[in-house]
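In: below: sequence and its predicted model.
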Amino acid sequence: MPEGRIKEAINTLKKSGVRITPQRHAILEYLIVTMSHPTADDIYKALESKFPNMSVATVYNNLRVFKKAGLVNELTYGDSSSRFDFSTSDHYHVICEECGKIVDFSYPGLDEVENLAEHVTGFSVNKHRMEIYGTCAECREKSLKH
Ligand SMILES: [Zn+2]
Ligand SMILES: [Zn+2]
């Protein structure tokens, strides 16, 4: 399954004229396989041993290339640690307030909200962001043990 998605992503990059380096391939693969919405730093740590010459800045620059090609979403949270998400089908995020884990769940895009916002405000709407907050199963279990 991931192989097909990696190939597809590589094709998209090629079409937009992006050169595929071994580092780019590895970062993309990591993003597709991990599901954990990593920061640039997380990706750097995961691939460090494979690419000793790579820096966090290189990882970040590559992520920006992917973002420009529409493959990756950047989730910013008002601090320096943006998280990166391989763009798949419509999904929203549930975020654990204890450990910061971000989990995907499928839900059809809330187009009506965008339409209404356009209608009411006269804006041309590009996107929206909805997040759900709570405590993940693991953190709930941990707090029960104490
Ligand atoms: Zn948690
Ligand atoms: Zn996600």
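Out: Good, I have the coordinates. All values derive from a computational prediction rather than experimental measurement. Numbers count the residues shown, from 1 in each chain. Ligands and ions are numbered 1, 2, ... in the order given.

In: next, count neighbours for Tyr107.
Out: 11 (other Cβ atoms under 10 Å). For the C-beta atoms, the positions are set from N, CA and C on the backbone; glycine is no exception.

In: give me the phi and psi for the nearest residue to it once chain neighbours are set aside.
Out: Distances taken as Cβ to Cβ, 6 or more residues apart in numbering put Tyr92 closest to Tyr107, at 5.2 Å, once the chain neighbours are dropped. Main-chain torsions, Tyr92, degrees, to the nearest 10: phi -120, psi 170.

In: what do you get for Phe105?
Out: Dihedral angles (degrees, to the nearest 10) for Phe105: phi -140, psi 140.

In: ditto for the one 5 residues further on
Out: Main-chain dihedrals, Leu110, degrees, to the nearest 10: phi -90, psi 70.

In: wasn't Val103 part of a strand?
Out: Yes. Judged by DSSP: H, G, I helix; E, B strand; the rest coil, Val103 forms part of a strand.

In: need the pLDDT of it.
Out: What the model reports as pLDDT for Val103 is 91.

In: quickly list what the residue nearest to the spatial centre of the chain is bridged to.
Out: The chain has Asp85 as the residue nearest its centroid, 0.9 Å off, counting by Cα atoms, centre = their mean. With beta bridges defined as DSSP bridges, Asp85 has these partners: Asn73.

In: I'd like the distance between it and Lys145.
Out: Shown here: Asp85 relative to Lys145, a distance of 31 Å by Cβ to Cβ, to the nearest Å.

In: near ligand 1, which residues of this structure show up?
Out: Cys96, Glu98, Cys99, Lys101, Cys136, Cys139 (Cβ under 5 Å from the ion).
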